[in-house]
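K.L.:
whatever this is, show me its structure:
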Amino acid sequence: MAELTPNAQKVYEALKKLGATSPEVLKTADDVMRAARLPKGMVNNALMELVAKGFAKRVAREKAAGYHLIK
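P.N.:
Numbering: from 1, shown residues only. Sure, this is the predicted structure:
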């Protein structure tokens, strides 16, 4: 977790708190934004960082993409 920025760590914790730990339970950036209490732009950047570093997976859906943790 030390390799993550503070915002990415906050978003990671928010996803964990929301229970987004499997592909069956996906959370949108808006869900994470409310749970982490961060602006949407910061949440989106942190989500991209988590996906790039292999901590989370992005699933494209019809309306909004969903995210869940891998590690």
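K.L.:
now the strands for the protein?
P.N.:
For the chain, the strands defined by DSSP state E cover 56-59, 66-69.
K.L.:
am I right that residue 22 is in contact with residue 68?
P.N.:
Yes: using C-beta atoms under 8 Å, residue 22 is in contact with residue 68, at 6.0 Å. Any C-beta I mention is one placed from the backbone N, CA and C, and that applies to glycine too.
K.L.:
ok, the closest residue to residue 17 other than its chain neighbours - contacts?
P.N.:
Among residues not flanking residue 17 along the chain, residue 35 sits closest, at 5.9 Å (C-beta to C-beta, 6 or more residues apart in numbering). Contact analysis of residue 35 by C-beta atoms under 8 Å, 6 or more residues apart in numbering lists 14-15, 17-18.
K.L.:
do that again at 10 Å, thanks
P.N.:
Contacts for residue 35 (C-beta atoms under 10 Å, 6 or more residues apart in numbering) come out as 10-11, 13-18, 20, 27, 43.
K.L.:
residues near the residue nearest to residue 23 when sequence neighbours are not counted, how many?
P.N.:
Closest residue to residue 23 apart from its sequence neighbours, by C-beta to C-beta, 6+ apart: residue 68 at 5.9 Å. For residue 68, the neighbour count with other C-beta atoms under 10 Å is 19.
K.L.:
ok, the spatially most central residue of the chain - contacts?
P.N.:
Compute the mean C-alpha point of the chain, and by C-alpha atoms, centre = their mean the closest residue is residue 47, 4.6 Å away. Taking C-beta under 10 Å, 6+ apart, we find residue 47 in contact with 7-8, 11-12, 15, 27-29, 32-33, 55-56, 58, 65, 67.
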